[in-house]
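Trainee: coords below, sequence missing:
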């Protein structure tokens, strides 16, 4: 039941922020919503209930490192699409590896 | 350039594209929970900043822009990719605010009511994201 709640809440919040990004212009401003705390809101709300405040706070601390990995990922995407004119779908999916690697490095340096 | 609403863009998105985003969002949230369960909250927390919206959003922007140009009789264009890059640039600015969201929750959650902390963190995220965008816009015009 807990996992179904996570799935539904996560799906709803991610969709809601994505729709807000769809209808806003200019494009650069709408892009801010591409980095909305959608997964974080769904997860932290339910984690606080199931595992307590300290556990959820610890997740939020790691989230800061994840956000900086996201910054590197987004800048690589901008470079590949704007300068090299690569397709958006392949660029944004393939470079998720960049997010993973940066997260791993930041975890090893600051959180481990 | 002023911020405005373009509700017509909702019609460009097809029902299966909305469904895909819902399913992906749900799946990523479940995976985040599973990672935290098996590897602990420190590793699981990294996934709270997983780029869940950007890949789908950028792909749809490129597709819609390409279709618009094709209807106008322009078969080959990089305009879609440039529009997707603009979206990603906005997301890059938003990540600083995303880190601030995490910081607020990390510092305040142990001592305060969870709903209030999440509301405050969301307000900090939104106001900081807008401020960064405005400063960047101002800087580009100077």
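Mentor: Cool, the structure landed. None of these values were measured; they are calculated from a predicted model. Residues are numbered from 1 along each chain as shown, chains lettered A, B, ... in the order given.

Trainee: so what pLDDT did residue B:94 get?
Mentor: Listed pLDDT for residue B:94 reads 97.

Trainee: is it true that it touches residue A:37?
Mentor: No - counting by C-beta atoms under 8 Å, residue B:94 does not reach residue A:37; the two are 9.4 Å apart. Where C-beta positions appear, they are placed from N, C-alpha and C, glycine not excepted.

Trainee: which one of these two has more residues nearby?
Mentor: Between residue B:94 and residue A:37, counted using other C-beta atoms under 10 Å in any protein chain shown, residue B:94 has the larger neighbour count: 33 against 28.

Trainee: Have a look at chain A and report its longest helix.
Mentor: Ordering each helix of chain A by length in residues (DSSP state H) puts helix A:53-78 first.

Trainee: what residue ranges in chain B are flagged as low confidence?
Mentor: B:1, B:76, B:141-142 (pLDDT under 70).

Trainee: Nearest to the middle of it, which residue? Look it up for me.
Mentor: residue B:53 (4.9 Å; C-alpha atoms, centre = their mean).

Trainee: List the buried residues of the longest helix of chain A.
Mentor: In terms of neighbour count (16 or more other C-beta atoms under 10 Å in any protein chain shown), helix A:53-78 has its buried residues at A:53, A:55-78.

Trainee: What is the neighbour count of the closest residue to residue A:55 other than its chain neighbours?
Mentor: Nearest residue to residue A:55, sequence neighbours excluded (C-beta to C-beta, 6 or more residues apart in numbering or on different chains): residue B:41, at 5.2 Å. Counted with other C-beta under 10 Å, residues neighbouring residue B:41 total 21.

Trainee: what helix or strand does residue B:30 sit in?
Mentor: helix B:15-39 (DSSP states H and E).

Trainee: Enumerate the positions of the next helix or strand after that helix that are buried.
Mentor: Following helix B:15-39 in sequence order, the next helix or strand is helix B:41-46 (DSSP H and E). By neighbour count on 16+ other C-beta under 10 Å, the buried set for helix B:41-46 is B:41-46.

Trainee: ditto for stretch B:133-142
Mentor: Counting neighbours by 16+ other C-beta under 10 Å, stretch B:133-142 gives residue B:133 as buried.

Trainee: Got the domain ranges for chain A?
Mentor: Here the domain parsing of chain A from automatic domain parsing is A:1-51, A:63-112.

Trainee: can you list contacts of stretch B:68-85?
Mentor: Residues from elsewhere that reach stretch B:68-85, judged by C-beta atoms under 8 Å, 6 or more residues apart in numbering or on different chains: A:27, A:77-78, A:81-82, A:85-88, A:91-92, B:58-59, B:61-66.

Trainee: For the residue lying closest to residue B:45 once chain neighbours are set aside, give me its contacts.
Mentor: Nearest non-adjacent residue to residue B:45, counting by C-beta to C-beta, 6+ apart: residue A:62, 2.8 Å away. By C-beta under 8 Å, 6+ apart, the contact list for residue A:62 reads A:107, A:111, B:41-46, B:48, B:102.

Trainee: Dump these to a markdown table, plus distance to residue A:43.
Mentor: Formatted as a markdown table, these follow (distance: C-beta to C-beta, whole Å):
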| residue | distance to residue A:43 |
| --- | --- |
| A:107 | 17 |
| A:111 | 17 |
| B:41 | 10 |
| B:42 | 14 |
| B:43 | 13 |
| B:44 | 8 |
| B:45 | 9 |
| B:46 | 12 |
| B:48 | 6 |
| B:102 | 12 |
